Every structure is written in structure tokens, then in C-alpha cells.
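Engineer: dropping the sequence and predicted coords here.
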Amino acid sequence: MRSSQHTLHFVAAWVAFSLLLLASLSRSAHAQENQPDNSPTSMVVIVKESDGGQPISQAHITLEFFEARSLRKPKKISYNGKTDQAGRCKFTEINKGAIVLTVTSPGHQSYGKELQLANENQVFEVSLKKPQPLI
């Protein structure tokens with residue numbers, strides 16, 4: 001009787017250990033699948049008037065993101081640019097992931113938003129409004 005109880009406890013412990021190991025491996029594989037792709041890519045920002053859709057040239061664009069570094073806190077990276085006559089500004093070698101895009105232009109309301117850069121050559125269109133008159 002004592003031997004069968006010992007065997008039963010051994011089998012129960014082995015099953016519990018196997019289930020924990022399987023769950024741990026599954027979580028590890030799932031975490032690796034969901035790791036963000038921080039490979040560099042290009043992106044384009046197109047800035048237009050909200051009324052009429054005309055391109056806005058010389059709009060100032062700021063792009064900010066955090067670069068992950070092993071064993072140290074992430075480094076904040078910032079890029080600046082201006083739109084051309086077609087209202088376009090291209091950034092190259094930008095890491096995929098969360099970015100903060102800020103757009104300003106004289107005579108327009110500013111724009112700021114956190115976005116996800118996930119695709120190659122992703123295009124972000126921004127419409128700027130004229131400022132509201134003061135009452």
C-alpha cells in the first residue's frame with residue numbers, strides 16, 4: 001500500500017511539473033512571437049490643409065521614439081524635417097514601433113499624436129486646420 005501511494009505521488013508530481021514546463025515554454029514562445037520588429041524602415045509624412053487639401057510646404061516635422069538598449073534605459077531619439085513644395089517629408093532608417101509625430105506650421109493649429117510605425121515605407125497624412133478666432 002505504501003509503495004502505491006509513493007508511486008501515485010511521484011506520478012502526480014511528474015504531471016504537475018510537465019504541465020508547468022509546457023506552460024512556461026508556451027509563454028516563452030508567445031513572448032518571442034510578440035516582440036516588436038525594431039528593424040529600420042522609411043516613412044513619409046504628407047501635410048495638407050484641412051480645407052481644400054492643398055499641400056503645406058515648409059511645415060516643421062518632429063519625430064521622436066525610444067531606442068531600446070540592453071541593460072540600460074531606452075535612449076530618446078529625435079528627428080526633424082520640413083515638408084517640400086508637395087507637402088511631403090521623408091525619413092529614412094527609422095526604427096519600427098511607437099513614434100510621436102508632431103507637425104507645426106505658421107498660421108495653422110499644431111498636430112501631435114503617438115502612432116505605430118509597422119510597415120515598410122509607411123505614409124502618414126496630416127491635415128492642419130487654420131487657428132480658431134478668439135472671441
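Structural biologist: Structure's in. What do you need? Numbers count the residues shown, from 1 in each chain.

Engineer: got a list of what residue 101 touches?
Structural biologist: Taking CB atoms under 8 Å, 6 or more residues apart in numbering, we find residue 101 in contact with 45, 61, 62, 63, 111, 112, 113, 114, 115, 124, 126. All C-beta atoms are positioned from the backbone trio N, CA, C, and that covers glycine.

Engineer: buried among the residues you listed? Make that a ChimeraX selection.
Structural biologist: Selecting in ChimeraX just the buried members of the contacts of residue 101, where the criterion is 16 or more other CB atoms under 10 Å, is done with this command:
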select :45,61,63,111,124,126
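
Engineer: now pLDDT too, for the contacts of residue 101, in TSV please.
Structural biologist: Output for the contacts of residue 101, formatted as TSV (pLDDT from 0 to 100):
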residue	pLDDT
45	96
61	97
62	95
63	93
111	95
112	95
113	95
114	94
115	93
124	95
126	95
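
Engineer: using a markdown table, lay out the contacts of residue 101 together with secondary structure and distance to residue 105.
Structural biologist: Converted to a markdown table, the contacts of residue 101 look like this (DSSP: H, G, I helix; E, B strand; the rest coil; distance: CB to CB, whole Å):
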| residue | secondary structure | distance to residue 105 |
| --- | --- | --- |
| 45 | strand | 12 |
| 61 | strand | 9 |
| 62 | strand | 12 |
| 63 | strand | 16 |
| 111 | strand | 9 |
| 112 | strand | 13 |
| 113 | strand | 15 |
| 114 | strand | 20 |
| 115 | strand | 19 |
| 124 | strand | 15 |
| 126 | strand | 10 |
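
Engineer: closest to residue 54 among the contacts of residue 101?
Structural biologist: Distances from residue 54 to the contacts of residue 101, taken as CB to CB, are shortest for residue 126 (13.2 Å).

Engineer: quick check, the closest one in contact with residue 49.
Structural biologist: No - Residue 126 is beyond contact range of residue 49, at 10.6 Å (criterion: CB atoms under 8 Å).

Engineer: ok, residue 63 - contacts?
Structural biologist: For residue 63, the residues meeting the contact criterion (CB under 8 Å, 6+ apart) are 43, 45, 78, 79, 80, 81, 91, 94, 99, 100, 101, 102.
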